[in-house]
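# from the sequence below, what's the structure:
(2 chains)
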Amino acid sequence: MIKEEKHIEKEPKAKDKKAIIEIKDLHKTFGKNNKVLQGVNLTVNKGEDLVILGRSGSGKSVTIKCIVGLIEPDKGEIKVFDENVLHLKKSELNEIRVRIGFLFQSGALYDSMSVRENLAFTLRKHKRDLSAEEIESQVIEALDSVGLSEAIDKMPSELSGGMQKRIGLARTLILKPEIILYDEPTTGLDTITSREISELILDIKHKRKTTSIIITHDMACAKLTADRIMVLKDGVIHAEGTYEELEKSEDEWVRSFFQ
Amino acid sequence: MILTLKNTFEEVGNATLFAKQFFKEVFIPPYETRQFLKQCYIIGYKSLPLVAITGFIMGLVLTMQSRPTLVKFGAESWLPGMVALSLIREIAPVITALICAGKISSGIGAELGSMKVTEQIDAMEVSAINPYNYLVVTRILACTLMVPILVFFADAIGIMGGYVGVNIHGDVNFRRYLTQIIQSLEFLDLIPATIKTFFFGFFIGMIGCYKGFNAANGTESVGRAANSAVVTASLTIFIIDMIAVQITDLFF
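Just a heads-up that it's a prediction; the model follows:
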């Protein structure tokens, strides 16, 4: 088993940077015995893309949902922008949430609204002083950044899976978040579309200087986007390192992800 | 048996907390006026044809069924007043509320249930938009205001149906028919009947939202939320009606 501490030492650059997300001893149990998280510790530095790998049901999505307060953990500490999100009031948590983007596995577009309304809705709720023209121009800008400005008048049901994820990403980007959490961004997509999404994640990181946590099973996506990878097993971080380091890991179970 | 009882009480407790949140959030800005008006249009305007058809049939059938008995007692002239009183005090509010439970409560349950399953409610939450305020408060408020209006509408159409029913076997002109109705009605007949429709509307909206908002994961739960919303809302309507009749009997 690769100890977490070993790999942190291999990342001197990461240590120099400011930690933007810090999770300590996170526990979550569903029902009576379904212990999903059993002491997760992780740190994400500013400007870093952290990929979390693990088998289905290992608690990857639960971890990032705890960060935005969608799931309340049983025990532990989650600091985002130096604030412990578990002790915040709803209004204070919402101030943090505006600075975090979350891309859901399904895209989670509001299916009763067109693409334009999906993007404008979020913007209108947070920037009430914006005029209709300003909202429209920001919607177009966000759609341009994912290369889908032509889909502005379409309904979510008219879009392909890949397009829905891109529009979901555009909706996330419209509030100009500093952190983006991606929940399996390439799942269910063909190889070419998956690569396009992965490249988009990389492009967003470079252009907008965002910090990201990417939950994925797609090793091509992990290779392209990850600055650092963590592997979750039995509710704890089992291994940590760069793609190249983990690919050559002595732990057969870790290596099996890369084959 | 004990487990079923426990689950029922747990459900009632959770629904009460859900309703309590409505009273907490309804007065807190931001007010979702556009969404509220949209829901009024969907719940109120779009239900008009259904309520009109059932209202007309209720009036017509009630008149035709009551007529032979009244004729036997030589009290045929009481027919318009009796039909109007039955419609306004009991039949139109309950039947309209049951129709709304079937159409609106199930619709809300399925819509919010599918939004929950496809993570749309979570997406609102993480965007720092209050989904309860946007989705639930607007729908409950629209139901509470629209159901009484729909009941008034059903009353009026039902009375028209009664007029057709009276004229199948007789010949009464419309002015005389209306005069007979107005003479037999008191203002106090309207008040309890109207007050209870607000409660019907509130519970139809609240139960639909509660069931949808708390749908479990998976598409199967969407159907279950819709179905459960109709059953619970219909049962609640009868319970409210029973309580309303007792209270009315006490005070009026």
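# contacts only, for the closest residue to chain A within the stretch 151-252 of chain B.
When scored by CB to the nearest CB, the stretch 151-252 of chain B has B:N217 as its residue closest to chain A, at 11.7 Å. All C-beta atoms are positioned from the backbone trio N, CA, C, and that covers glycine. By CB atoms under 8 Å, 6 or more residues apart in numbering or on different chains, B:N217 lies in contact with B:V117.
# how about A:R255?
A:L246, A:E247, A:K248, A:S249.
# include secondary structure, neighbour count and distance to chain B when you put these into JSON lines, please.
Output for the contacts of A:R255, formatted as JSON lines (DSSP: H, G, I helix; E, B strand; the rest coil; neighbours: other CB atoms under 10 Å in any protein chain shown; distance: CB to the nearest CB, whole Å):
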{"residue": "A:L246", "secondary structure": "helix", "neighbour count": "25", "distance to chain B": "29"}
{"residue": "A:E247", "secondary structure": "helix", "neighbour count": "16", "distance to chain B": "32"}
{"residue": "A:K248", "secondary structure": "coil", "neighbour count": "10", "distance to chain B": "37"}
{"residue": "A:S249", "secondary structure": "coil", "neighbour count": "19", "distance to chain B": "33"}
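# of those residues, closest to B:F18?
Relative to B:F18, the closest of those is A:L246; by CB to CB it sits at 45.9 Å.
# so what pLDDT did the closest one get?
The model reports A:L246 with a pLDDT of 92.
# the residue of the stretch 151-252 of chain B closest to chain A should be in a strand, yeah?
No: using DSSP: H, G, I helix; E, B strand; the rest coil, the secondary structure at B:N217 is coil, not a strand.
# hang on, the earlier thing: let me know the closest of the contacts of A:R255 to B:Q21.
A:L246 (45.8 Å).
# quickly note the distance from A:R128 to B:P30.
A:R128 sits 8 Å away from B:P30, going by CB to CB, to the nearest Å.
# return the residues of chain A in contact with chain B.
A:65, A:68-70, A:94-95, A:97-98, A:100, A:102, A:104-106, A:108-112, A:121-122, A:125-126, A:171, A:175 (CB under 8 Å from any CB of the partner chain).
# pretty sure B:F22 is touching B:T138, no?
No: between B:F22 and B:T138 there is no contact under CB atoms under 8 Å: 10.6 Å.
# let's check: the centremost residue of chain B is which one?
With distances taken as CA atoms, centre = their mean, the residue of chain B nearest its centroid is B:A97 (2.7 Å).
# check contacts around A:F121.
A:F121 sits next to A:Y110, A:M113, B:I129 when contact means CB under 8 Å, 6+ apart.
# verify the assumption that the last one is located in a strand.
Spelled out, it's B:I129. No: checked against three-state DSSP, B:I129 lies outside a strand; its state is coil.
# name the nearest residue to it, ignoring sequence neighbours.
In space, B:I129 comes closest to A:K125 once its chain neighbours are excluded; the distance is 5.0 Å by CB to CB, 6 or more residues apart in numbering or on different chains.
# so the one you found: helix, strand or coil?
Classification of A:K125 using three-state DSSP returns helix.
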